[in-house]
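> Structural data only, the sequence is not supplied:
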């Protein structure tokens, strides 16, 4: 009797469950198994800062699918606390260690999908014995951080890294009435941000009591009793602390794949084709462990976002099960809240556009989010990054207290479609006093940019 086709999926955060579910949906006869080294699968990382503040009330909502729920609703077998130690491409087997009982064993596959995600960047002097040093990447660490704050009630915190996670954590800790020092290697929050937007973000942080330390590298930690870090030593001073959050970015988790001969690209992520197939016909990959084709530059990029990971995973899952799906690529489309401000950042930054070879022109405008005089009206600052030769919009940053994020989504769609600034200036935007003025900020920015083209 013929054996069922066996599809193994390594990794259970965002991409893994999506790939496994899609594979099972395409081929109901396949034996689909999801393998995850931790206790948890399918949970939200982006929600963690708001879980810590209590805005996200029920911590059970952090987990979208428990292993039991995924098995029941999607008919996918789930092995948690099971680590894949190696892949044998020639014999189509993997070696796993079951941490619940300490047993190692081999498992066969017909198709393999690698969704091992990313790892948080570490400082060279960090170690697991430092009880009050945390990264924001795994759900178990989020629970530990929540419990630490609840039990020890820290008064002072140092956050290392002024990117998206660092900024969101600064807001979260200030909400908990903890004094926050935010140490960043750049002059302004976020990386490669234009000066106007950077100044607005800096003002938002400082006006809410965050001590921002720019252009500073962390040299070491000073530890006290019980393996607690008491000081953070930088080139710009020493800062006392009761809690340290390290948020200096992530790197693709490709160790197992790379050791097996799966090809890794220049940016450190697994290389795949439009079907999410690797250099090995029977091995697919998706999510933060992969590089992705940037739809603006047409070159490999590293875009570790859950939205992108899920789309890659659907493609990988369908094709591993015999389908013909295609994933053409993505652009960066990110939003965050900085206290009372909304921030939307889409496409390329000025620096990225220049490095990609575009002849860059930029324009920054301020315009009201609604009809002046309507309740809730606020100024929105919009910065466009355009290619002078083609007239194409390749990036944008929007900051304001009202309406910045959803306008960013409009621009993300236009950028993904290859729209020019002229195309955007011709958009029929809504005009309704409670929502938008006659000339929406998106149109004002486009019309001003056209003058430079």
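Great, that's in hand. If you're wondering where the values come from, they're calculated on a predicted model, not measured in any experiment.

> how does this structure divide into domains?
Per automatic domain parsing, the structural domains of the chain span 6-38+64-119+251-320, 122-248, 333-452.

> low-scoring stretches of the stretch 301-450 of the chain, by residue?
For the stretch 301-450 of the chain, applying pLDDT under 70 flags no range at all.

> the strands in it, which residues?
333-338, 341-347, 360-368, 379-387, 393-400 (DSSP state E, counting those that start in this stretch).

> Can you add mean neighbour count and give those strands back as JSON lines?
For every residue, glycine as well, the C-beta is placed using N, CA and C. Putting those into JSON lines (neighbours: other C-beta atoms under 10 Å) gives the following:
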{"stretch": "strand 333-338", "mean neighbour count": "19"}
{"stretch": "strand 341-347", "mean neighbour count": "24"}
{"stretch": "strand 360-368", "mean neighbour count": "18"}
{"stretch": "strand 379-387", "mean neighbour count": "24"}
{"stretch": "strand 393-400", "mean neighbour count": "26"}
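
> pLDDT wise, what is residue 59 at?
Residue 59 carries a pLDDT value of 62.

> go on, the one 5 residues further on?
Among the per-residue scores, residue 64 holds a pLDDT of 90.

> Number of residues surrounding it?
For residue 64, the neighbour count with other C-beta atoms under 10 Å is 13.

> can you check residue 162 too?
30.

> likewise residue 124?
6.

> And residue 93, by the same measure?
17.

> Residue 146 is in contact with residue 50, isn't it?
No - with contact defined as C-beta atoms under 8 Å, residue 146 does not count as touching residue 50 (11.7 Å).

> Out of those two, name the residue with the larger neighbour count.
Taking other C-beta under 10 Å, residue 146 and residue 50 do not tie; residue 50 has more neighbours (18 against 15).

> Might you report the residue contacts of that one?
If you count contacts by C-beta atoms under 8 Å, 6 or more residues apart in numbering, residue 50 has them with 56, 172.

> you'd agree it is in a helix?
Yes - residue state for residue 50 (DSSP: H, G, I helix; E, B strand; the rest coil) corresponds to a helix.

> re the thing from before, adding distance to residue 303 as columns, could you present the strands of the stretch 301-450 of the chain in a markdown table?
Formatted as a markdown table, the strands of the stretch 301-450 of the chain follow (distance: least, C-beta to C-beta, whole Å):
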| stretch | distance to residue 303 |
| --- | --- |
| strand 333-338 | 9 |
| strand 341-347 | 11 |
| strand 360-368 | 20 |
| strand 379-387 | 17 |
| strand 393-400 | 13 |
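
> Of those strands, give the one that comes closest to residue 25.
strand 333-338 (26.4 Å; C-beta to C-beta).

> Now the terminal residues of stretch 298-314, how far apart.
End-to-end span of stretch 298-314 (C-alpha to C-alpha, to the nearest Å): 21 Å.

> make that stretch 233-242, sorry
Start-to-end, stretch 233-242 (C-alpha to C-alpha) is 14 Å.

> What mean pLDDT does it get?
Stretch 233-242 shows a mean pLDDT of 95.

> Check which residues of it are buried.
Across stretch 233-242, burial judged by 16 or more other C-beta atoms under 10 Å covers 234, 239, 241-242.

> Report the distance from that stretch to the chain centre.
Its chain's C-alpha centre and that of stretch 233-242 lie 28 Å apart, by C-alpha atoms, centre = their mean, to the nearest Å.
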